[in-house]
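[1] Generate coordinates for the sequence data below:
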Amino acid sequence: MRIDRATRIIVLAGAMAGISCDEKLSSIAGPTPNLEPTLSSIEREIFNTTDSRGRQACTNCHTDAGGRVPPVGMVLLPGRAYDFIVNVAARGKPGAIRIIPGDPENSYLVHKIEGRPDIAGLRMPRSGPPYLTDGQILIIRRWIELGARRD
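    Here you go, the predicted structure:
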């Protein structure tokens with residue numbers, strides 16, 4: 001399902017209001033009820049885990065284990081992902097930065113997981129659907145908005 005920018009902003013505002021009121025994020029996280037807007041949670045619940053809907057773990061492809069060369073040189077293994085995604089130029093999309101702290105709208109990783117028309121290649125995960133849910137994406141966007149800290 002493709003949602004337009006205005007709808008995404010309204011949903012994001014509503015979700016952020018809930019987050020700021022200390023409501024459980026599980027109400028928007030869908031198949032990853034323990035997902036929080038922190039890198040460690042995103043690594044554990046998104047990058048390294050196949051979720052209950054069958055969306056494949058990102059590390060099924062984005063790993064260098066066993067001498068594998070990861071797609072676009074991006075490793076998403078625990079403790080290493082940050083150095084491959086935050087303030088790093090995207091390969092295949094000149095001028096794009098994978099994650100710009102504080103700026104989810106211009107972070108290319110967000111474009112890739114949302115499947116925007118400006119991306120090079122395919123929407124991620126490449127094995128999808130299922131793709132990340134709108135709630136999972138909102139939480140990733142929130143982590144970026146909060147400064148994309150290494151936490």
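[2] Where in this structure is the helix or strand with the lowest mean pLDDT?
    Ranked by mean pLDDT, DSSP states H and E, the weakest helix or strand in the chain is helix 5-20, scoring a mean of 50.
[3] so who does the residue nearest to residue 51 when sequence neighbours are not counted touch?
    Nearest residue to residue 51, sequence neighbours excluded (C-beta to C-beta, 6 or more residues apart in numbering): residue 31, at 4.1 Å. Placement of C-beta: from N, CA and C, glycine included. Residue 31 makes contact with 51-53, 55, 133, 136 under the criterion C-beta atoms under 8 Å, 6 or more residues apart in numbering.
[4] Which one of the residues you listed is nearest to residue 67?
    For the contacts of residue 31, the closest approach to residue 67 (C-beta to C-beta) belongs to residue 55, at 26.3 Å.
[5] burial of residue 97, as a residue count?
    A count of nearby residues for residue 97, using other C-beta atoms under 10 Å, gives 18.
[6] Tell me the spacing between residue 38 and residue 95.
    Distance from residue 38 to residue 95, counting by C-beta to C-beta, to the nearest Å: 28 Å.
[7] let me fix that: residue 103
    14 Å.
[8] Look at residue 38 and residue 95 and report which has more neighbours.
    Taking other C-beta under 10 Å, residue 38 and residue 95 do not tie; residue 38 has more neighbours (16 against 7).
[9] from memory the more buried one sits against residue 140, does it?
    No: Residue 38 is beyond contact range of residue 140, at 10.6 Å (criterion: C-beta atoms under 8 Å).
[10] pLDDT score for the residue nearest to residue 51?
    Note on residue 31: pLDDT of 83.
[11] Please name the residues that touch the residue lying closest to residue 133 once chain neighbours are set aside.
    Of all residues not flanking residue 133 in the chain, residue 30 sits nearest, at 4.2 Å (C-beta to C-beta, 6+ apart). Applying C-beta under 8 Å, 6+ apart to residue 30 gives the contacts 51, 53, 133, 135-136.
[12] just these now: which is nearest residue 81?
    For these, the nearest to residue 81 is residue 136 (15.8 Å; C-beta to C-beta).
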